[in-house]
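K.L.:
Sequence and predicted structure below; questions after.
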Amino acid sequence: MVQTILSRLATSLLVIFGASVLVYCIMYLLPGDPVLLMLDPSSATPEMIENLRAQLGLDQPFYIQFANYFGDMLRGDFGKSMINSDPVLPKILEHFPATMALTALSSIIAITIGITLGVLSAIHRNGVIDFVARLVGLFGISMPTFWTGILLILLFSVQLGWFPAMGSDGFSSLVLPAATLGLVGAGFIVRMVRNSMLEVINEPFIVALRAKGLSERAIMYGHALRNALIPAVTVIGMLIGDLLAGTVVVETVFSRQGIGRIIADALMAKDLPVVQGVVFFTSIIYVVLNLLVDISYSYIDPRVRRAVRT
Amino acid sequence: MNRSISWMKYMALAAVLVMVLSGCGAAAGGSANGAAQASGGEQGEQAEGGNLTFALATSPDTLDPHRSGLAVTVRAIRTIYDNLVVQLPDGSIKPWLATEWSVSEDGKSYTFKLREGVKFHDGTPFNAEAVKYNLDRVIDPATKAANSLALIRPYSSSEVIDEYTIKVNLDSPSQAFLGNLSQALLGIVSPTAAQKYGDQLGKNPVGTGPYTFVKWDENADIVVAKNKDYNWGPETVENKAAPHVDTITFKIVPEEATRIGSVQSGQVLAAETVPPQNIAALKNDPNQQLLQANTVGLPYTLFFNLRKAPWDDVKVRQAVQSAVDVESIVKTLYLGNYERAWSALSPGILGYDASLEGSINPDINKANQLLDEQGWVKGADGIRAKDGQKLTLRYVDGSPNREKRNDIAAIIQQQLKQVGIAVEVEITKDVATVIYQNWDYDLYGNSQVNSDPNALYAFYHTSAEGQRPTLSGLSDPKIDELLEQGAVESDADKRVEIYNQIQQYLIEQAVILPIYVFPYTVAASKKVEGIKFDSLGYPLFNDVRIQP
């Protein structure tokens, strides 16, 4: 087990490095000159532009720029924003908790609604609950996030006044954004869990359990659900990654602080050091999530655990 | 059963974790959420005190006036910094931090007497040294000044005469100079703070203004508090002393539906830039008021790139001018809430030529006739061609669809199709490269907030060798001469005459298609009183009161 985790960690480092290199290349090759974006093009003189470019080291060849950047990053120096000279690392650390809270609460909402509705709809197949669950699934998957967000604002802020429409002050301002993202996630999980439950329910071992006289409840929640969860966990792992990406839209709609908005602004302004820093951190999270998903397999399914041991 | 119970335990644990994390993410002073702040205003017993929450559409780039390149910054920095002079809506210049001034006979030096007893928020005294430091700071390349650099030209140096007298020298006379000194981007910063913070002054702004800086949480809010010692307000406001409200919180809310929603839900007391489709609803809302001020300077104008054929041909440009129905574009897109522009300048600025209003009206027959005369013949596909060359117009616009500018492009594309001109619309985020580096466009729109008609110089004067070209690419010795005269002419009537001539030329020669005058709109709760606007259309908060 330990060996597996160690080798996974080594691969993870490679993935993080690869992501950094890739993003650096993409940003470098994208059209657009960050210096022109920083200075007002209608008033800056060519001389000013050249001076600034030299100051930022952007007149150096590509490989030198990259080597400088990566060397600094290994020493923990992620550089300064090219737009407002803010150091990148403190900026990311400051905004990370807000995004993590949003991702975490929306994951909880997605998983709770998703698994509950998924299981119920499989058990009560073709009933009213099944119909509702499939509707929620369809809604979550097909509605654009920003649209759902605006609908929730209109209903719960403007009409009912229950939650603030924007901001990142405390738990109440977290509810609507998390619900927006959570609905999307729930949509995927409902469908996944429902399908795998239906498959499991028809398997011979369920018939055997029924023959042994176990209660329907024990069969469904003790045995069927546990077997149906394996594919669901894979989906959930990937989904949390998607939710993290979804914070870009949701943080903008709800005017929340967070790394989603930082990277959106930074991409717009071609603020290379900031984009690099955020990508570095999010790639760490993706890698950790994948690791957790793998470990949780062995927890849920003893067969996987035994296979790892041998 | 056991399993499902422990599963719930994990969920509960995770929920607690989220609450802790969200607590960390919250602003310092945590428990006061937005709704509570708004209701704090309701509970205030008198019209003194309270917190004005004001939602901004975009985030300021920096609170260092000299380094900012964004108009949105001015909404916030106007509260923190004062200027030497103030410009009234009629264009006249009045005292502010400077009490009086005189201009030398050659028009190249200004001697300012400064107000005594003014202190910066950090205690630094305001005096001639401080002014000299500020002006020199703008032209120092190390400052990386942005728009302020264009405003301060042709400044060369200043001399401290005594503690409260300063002589400012220019390279050449400029009628725009005094007016520019009134603009917020040339606000006076504390020399002590500027030296202490360097390029981080934008995060730690210190001025002499009616409000002092409290904090800036990136992408969330900027808070300023009342400067109790303030008593040198300019003529543009009634309350020259300390403001009535305790604090202003500028919230940054880019999504327009959220911004309007947060005013309607009472989470903020005011929000800027109301989309045209929401204006009617807000006007009918008994709890809301709509404040509006037209911005001054260059209206949103489409510039032909005269360097590229066939747009160097005045007849072809006039054909486009006759084929485009600006009136219906502005009415359709802005539902009667924006004014149509008629000239290269917007109404309200010195020298605006009102006689141009109503001068150009759509005339499809005239457009067709002009194109026929120039040898552009309609082909089978309905597009005109000459010498095997199709008549196509490359229309570039920036993204996203700011003020529905992308939609203007789409409508013009349809309108020009009728007379046989194919319009290729390119919407790009990267106008810096496409427009200002490659100059690869036939038609491109821009606008500029400015207090002086000299703003035309940068758009229509022949660009000098090695300098960046102008948007229009116009090069006409007659216009160059007029623009040069306009910059230095001290007789106001003569100046007006000069700028009238320039505006008439630009419309007659169809160098541009002026489209709309941008109104700065604010939706506010009826509890808010006294938001005023300066001569450029920026909000002033000196007189604001929040009624209980």
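P.N.:
Received it, and whenever you're ready, just let me know what you need.
K.L.:
Quick check: nearest residue in space to residue 62, chain neighbours excluded?
P.N.:
By default, I'm working from chain A. The shortest distance from A:Phe62 to any non-neighbouring residue, by C-beta to C-beta, 6 or more residues apart in numbering or on different chains, is to A:Tyr28 (6.1 Å). (C-beta placed from N, C-alpha, C; glycine too.)
K.L.:
hm, I was asking about chain B
P.N.:
B:Gly202 (3.0 Å).
K.L.:
Please list all residues in contact with that neighbour.
P.N.:
By C-beta atoms under 8 Å, 6 or more residues apart in numbering or on different chains, the residues touching B:Gly202 are A:Asn84, A:Ser85, B:Asp61, B:Thr62, B:Leu63, B:Asp64, B:Arg67, B:Ser68.
K.L.:
for the chain, which residue is closest to the average position?
P.N.:
Just going to use chain A. Residue closest to the average C-alpha location in chain A (C-alpha atoms, centre = their mean): A:Leu244, at 2.1 Å.
K.L.:
not what I meant, chain B
P.N.:
Chain B, centroid-nearest residue using C-alpha atoms, centre = their mean: B:Ala71 at 3.9 Å.
K.L.:
Would you mind giving me the confidence score for it?
P.N.:
We have a pLDDT of 81 for B:Ala71.
K.L.:
Let me know how buried the closest residue to chain B within the stretch 51-200 of chain A is, in neighbour terms.
P.N.:
Going by C-beta to the nearest C-beta, chain B is nearest to A:Ala98 of the stretch 51-200 of chain A, at 3.2 Å. A:Ala98 has 28 neighbouring residues, counting by other C-beta atoms under 10 Å in any protein chain shown.
K.L.:
still on that earlier bit, surely the residue nearest to B:Thr62 is in a helix?
P.N.:
Yes: under DSSP: H, G, I helix; E, B strand; the rest coil, B:Gly202 falls within a helix.
K.L.:
Distance of it relative to A:Leu289?
P.N.:
According to C-beta to C-beta, to the nearest Å, B:Gly202 and A:Leu289 sit 36 Å apart.
K.L.:
what does B:Lys331 give?
P.N.:
In terms of C-beta to C-beta, B:Lys331 sits 52 Å off from A:Leu289.
K.L.:
Kindly report the same for A:Leu14.
P.N.:
Taken as C-beta to C-beta, the span from A:Leu14 to A:Leu289 is 17 Å.
K.L.:
Up against chain A, what does the stretch 101-250 of chain B have?
P.N.:
B:141, B:144, B:146-147, B:149-150, B:199-200, B:202-203, B:217-220 (C-beta under 8 Å from any C-beta of the partner chain).
K.L.:
Quick one: name the residues of the stretch 251-400 of chain B near chain A.
P.N.:
B:251-255, B:257-259, B:261-262, B:264-267.
K.L.:
quick one: buried residues of the strand or helix carrying B:Ile479?
P.N.:
Taking DSSP states H and E as the definition, B:Ile479 sits inside helix B:477-488. In terms of neighbour count (16 or more other C-beta atoms under 10 Å in any protein chain shown), helix B:477-488 has its buried residues at B:Ile479, B:Leu482, B:Leu483, B:Gln485, B:Gly486, B:Ala487.
K.L.:
Could you measure from B:Ser156 over to A:Leu93?
P.N.:
Using C-beta to C-beta, we find B:Ser156 at a distance of 45 Å from A:Leu93.
K.L.:
How about B:Arg405?
P.N.:
Using C-beta to C-beta, which is the criterion applied here, B:Arg405 is 38 Å from A:Leu93.
K.L.:
Tell me which of these two has more neighbours.
P.N.:
B:Arg405 (20 against 12).
K.L.:
Now do the same for that one: helix, strand or coil?
P.N.:
B:Arg405 - assigned by three-state DSSP - is helix.
K.L.:
Name the nearest residue to it, ignoring sequence neighbours.
P.N.:
Closest to B:Arg405 by C-beta to C-beta, 6+ apart is B:Asp397, at 5.5 Å.
K.L.:
The one you found: what secondary structure?
P.N.:
Per three-state DSSP, B:Asp397 ends up strand.
K.L.:
What of B:Ile161?
P.N.:
strand.
K.L.:
Which elements pack onto the lengthiest helix in chain A?
P.N.:
In terms of residue count, the longest helix belonging to chain A (DSSP state H) is helix A:88-123. Other elements packing on helix A:88-123 under the criterion 3 or more C-beta pairs under 8 Å, 6 or more residues apart in numbering or on different chains; DSSP states H and E are helix A:128-142, helix A:172-201, helix A:225-253, helix A:259-268, helix A:272-300, helix B:2-25.
K.L.:
And the fifth one, what's buried?
P.N.:
I take that to be helix A:272-300. For helix A:272-300, by 16+ other C-beta under 10 Å, it's A:272-283, A:285-287, A:289-291, A:293-298.
K.L.:
Likewise for the first one?
P.N.:
Neighbour counts over helix A:128-142 (16+ other C-beta under 10 Å) mark A:Asp130, A:Ala133, A:Arg134, A:Val136, A:Gly137, A:Gly140 as buried.
K.L.:
lowest-pLDDT helix or strand in chain B?
P.N.:
helix B:34-43 (a mean of 38; mean pLDDT, DSSP states H and E).
K.L.:
residue ranges with poor pLDDT in the chain?
P.N.:
Unless you meant another one, I'm taking chain A. Applying pLDDT under 70 to chain A flags residues A:1, A:31-32, A:37-45, A:302-310.
K.L.:
other chain: chain B
P.N.:
Checking chain B against pLDDT under 70 turns up B:1-46.
K.L.:
thinking again about what came up before, which of the residues of the stretch 251-400 of chain B next to chain A sit farthest apart?
P.N.:
B:Pro254 and B:Gly266 (20.2 Å; C-beta to C-beta).
K.L.:
sorry, back to before: in JSON lines, list the buried residues of helix B:477-488 along with distance to B:Gly233.
P.N.:
Below are the buried residues of helix B:477-488 laid out as JSON lines (distance: C-beta to C-beta, whole Å):
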{"residue": "B:Ile479", "distance to B:Gly233": "40"}
{"residue": "B:Leu482", "distance to B:Gly233": "38"}
{"residue": "B:Leu483", "distance to B:Gly233": "35"}
{"residue": "B:Gln485", "distance to B:Gly233": "36"}
{"residue": "B:Gly486", "distance to B:Gly233": "32"}
{"residue": "B:Ala487", "distance to B:Gly233": "31"}
